[in-house]
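> Okay, sequence plus prediction incoming.
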Protein chains: 2
Amino acid sequence: MARALRPAEILTSYIATRGLKATRQRHVILEAFLSARGHVSIDDLLAKVRSADPRVSAATVYRTMKLLTEAGLASAQHFGDGQVRYEAAAGKAHHDHLICTSCGQITEFEDDRIESLQDAAARSHGFRVERHKLEIYGVCRACQRAARPGPARSDAN
Amino acid sequence: MARALRPAEILTSYIATRGLKATRQRHVILEAFLSARGHVSIDDLLAKVRSADPRVSAATVYRTMKLLTEAGLASAQHFGDGQVRYEAAAGKAHHDHLICTSCGQITEFEDDRIESLQDAAARSHGFRVERHKLEIYGVCRACQRAARPGPARSDAN
DNA sequence: GTCCCTGCAAACTCTTTGCAGACCG
DNA sequence: CGGTCTGCAAAGAGTTTGCAGGGAC
């Protein structure tokens, strides 16, 4: 099997085959996005990008992330906090998200049994599945520890 | 077991116990919300409300739906189309959503096996679960039929 | 040189908020 | 009457878009 292309190569070839242009901004944004390695908001990304090149505008980040999404390098996620977040998509299997409501950390996980039950549930309702999205909100291990430094409390607030 | 309270009674008692006031608008909005029986956007709801009382403002609908949510009568859903939708919540168990990407219809379903696998997955990552959200996007039976009136096509577009 | 891309600012959508007057209890 | 609510309009947040100049090929 052929070696997987690196993201920069994927972008370059996507750009080349469509008569688009390889600009400084597009590469800066790709680098910032890859180095973020998480689920970045446009805001976070813009900050990172600007530390490398202060003149890049927010509009360009929006436009470029759309381009990366079309190129299959990024995928957009809506976690209900009112802004889009992007995660790296190149060669990744479908996965779901655990979101800590305390620190905001987002963890990915995969579970084939859940996947097939989802498909079965959809089929039993006559749906042809295109995609699905599972998000579990809760408190991560670290935040649970931080919140309970002493003996257990029965704080129901 | 006691008879379940009707929504209007729940609202009245919620209002009474907090020193709030029962206004014409609040009841009109509750009625419109209940008669919608689905996953209504504020926009849809405002239209319904105005057909009963044209002077109600959008701000009041926003404020009232928040109130109904606190009272346990409604629950807010974010389906990634950029607007909040509300569904009736009184006495309903947790459930997930099947969303038709063609006609927008939203169907609810429940699956205990999925629920427990979700909980297990979260626990295995050390999360204490607060809530979760599963959305399956696809094409509903009706839209599949509508899209293929003749023999099967191999349209990959 | 051509056409794409960028930065800026204005526009847009959805939602929230400040305020003065209206209304409930 | 007092305090809550309402409608209006303005303000906000996040995102998109029109345009003129700049840059890739």
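Ah, there it is. Numbers count the residues shown, from 1 in each chain, chains lettered A, B, ... in the order given.

> C-alpha from now on. contacts and neighbour counts both.
Fine.

> Could you identify the longest strand within chain A?
strand A:128-139 (DSSP state E).

> gap between that one and the chain center?
Put simply, strand A:128-139 sits 13 Å off its chain's centre (CA atoms, centre = their mean, to the nearest Å).

> Output the below-cut-off pLDDT ranges for chain A.
A:1-3, A:148-157 (pLDDT under 70).

> ok, now how distant is the residue of chain A found nearest DNA strand C from A:L46?
Nearest to DNA strand C in chain A, going by CA to the nearest atom of the strand, is A:V56, at a distance of 3.1 Å. Computed as CA to CA, to the nearest Å, the A:V56 to A:L46 distance reads 8 Å.

> And those two? Which one has more around it.
Between A:V56 and A:L46, counted using other CA atoms under 10 Å in any protein chain shown, the more crowded position is A:L46 (24 against 19).

> Ramachandran coordinates for that one?
phi -60, psi -40 (degrees, to the nearest 10).

> Test my guess that it contacts A:V61.
Yes: contact criterion CA atoms under 8 Å: A:L46 and A:V61 qualify, at 6.7 Å.

> Next, the residue positioned nearest the centre of chain A: secondary structure please.
Residue closest to the average C-alpha location in chain A (CA atoms, centre = their mean): A:E87, at 2.1 Å. Secondary structure, DSSP: H, G, I helix; E, B strand; the rest coil: A:E87 is strand.

> Run through the bridge partners of it.
A:S75 (DSSP bridges).

> Then the residue of chain A closest to DNA strand C would be within a helix, right?
No: assigned with three-state DSSP, A:V56 falls outside any helix and is coil.

> Leaving out chain neighbours, which residue sits closest to it?
Excluding its sequence neighbours, the residue lying closest to A:V56 (CA to CA, 6 or more residues apart in numbering or on different chains) is A:R50, at 6.3 Å.

> From A:D44, how far out is that neighbour?
10 Å.

> what does A:Q83 give?
11 Å.

> Ok, A:A71 next?
Applying CA to CA to A:A71 and A:D44 gives a distance of 21 Å.

> Give me the more crowded residue out of the two.
Between A:A71 and A:D44, counting by other CA under 10 Å, A:A71 is the more crowded of the two (19 against 14).

> Can you give me the domain assignment for chain A?
A:8-90, A:93-149 (automatic domain parsing).

> first to last residue in the first one, what's the distance?
End-to-end distance of domain A:8-90 (CA to CA): 11 Å.

> Need the contact partners of stretch A:129-137.
For stretch A:129-137, the surrounding residues in contact (CA atoms under 8 Å, 6 or more residues apart in numbering or on different chains) are A:96-101, A:119, A:122-123, B:118, B:122, B:129-139.

> Please, which helix or strand holds A:D44?
Per DSSP states H and E, A:D44 falls inside helix A:42-52.

> Contacts for that helix, please.
A:28-29, A:32-33, A:36, A:56-58, A:61-62, A:83-86.

> For those residues, which ChimeraX command selects only the ones that are buried?
Buried members of the contacts of helix A:42-52 can be picked out in ChimeraX with the line below, counting by 16 or more other CA atoms under 10 Å in any protein chain shown:
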select /A:28,29,32,33,56,58,61,84,85,86
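
> Quickly check the contacts of helix A:42-52 for the two that are furthest apart.
Spanning the widest gap among the contacts of helix A:42-52 are A:V28 and A:Q83, at 21.7 Å by CA to CA.
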